[in-house]
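Student: Need coordinates for the below:
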Amino acid sequence: MLQLNPGKTENQRLNYERYYYLCPLVQKRIHAVCFKITTNMSNEMIGTLVGLPRDSLPLYIDKKSET
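Tutor: Residues are numbered from 1 along each chain as shown. Predicted coordinates:
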């Protein structure tokens, strides 16, 4: 399983952008990644909380790790 360990600067950027990014869909995606980083919730639970399909969360994490 992919391990996410963002640094302090990346955490600050994610926290800012999940509320202030211009596109609401991107905000949801960032919020889902933040949930995955900070909790032990399943993809299904995170998808339900954020309002995204549970199968899409691994895709967002893969995209995040590429940057």
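
Student: Tell me, please, the helix or strand in the protein that averages the lowest pLDDT.
Tutor: helix 57-66 (a mean of 67; mean pLDDT, DSSP states H and E).

Student: buried residues in the longest helix along the chain?
Tutor: Longest helix of the chain, by residue count under DSSP state H: helix 24-38. If you call a residue buried by 16 or more other Cβ atoms under 10 Å, then helix 24-38 has these buried ones: 27-37. In this view, the C-beta of every residue, glycine as well, is placed from N, C-alpha and C.

Student: So for the following helix or strand past that helix, what gets flagged as buried?
Tutor: Note on helix 24-38: by DSSP states H and E, the next helix or strand toward the C-terminus is helix 43-50. Going by neighbour count (16+ other Cβ under 10 Å), the buried part of helix 43-50 is 43, 46-47, 50.

Student: mind checking how far the residue minimising distance to the centre of the chain is from Leu22?
Tutor: In the chain, the centroid-proximal residue (Cα atoms, centre = their mean) is Val33; its distance is 1.3 Å. Note on Val33: its distance to Leu22, by Cβ to Cβ, to the nearest Å, is 17 Å.

Student: residues in contact with Leu14?
Tutor: Shown in contact with Leu14 (Cβ atoms under 8 Å, 6 or more residues apart in numbering): 6, 30, 33-34, 37.

Student: And the residues you listed, which two are furthest apart?
Tutor: Greatest spacing in the contacts of Leu14, by Cβ to Cβ: Pro6 and Ile30 (11.6 Å).
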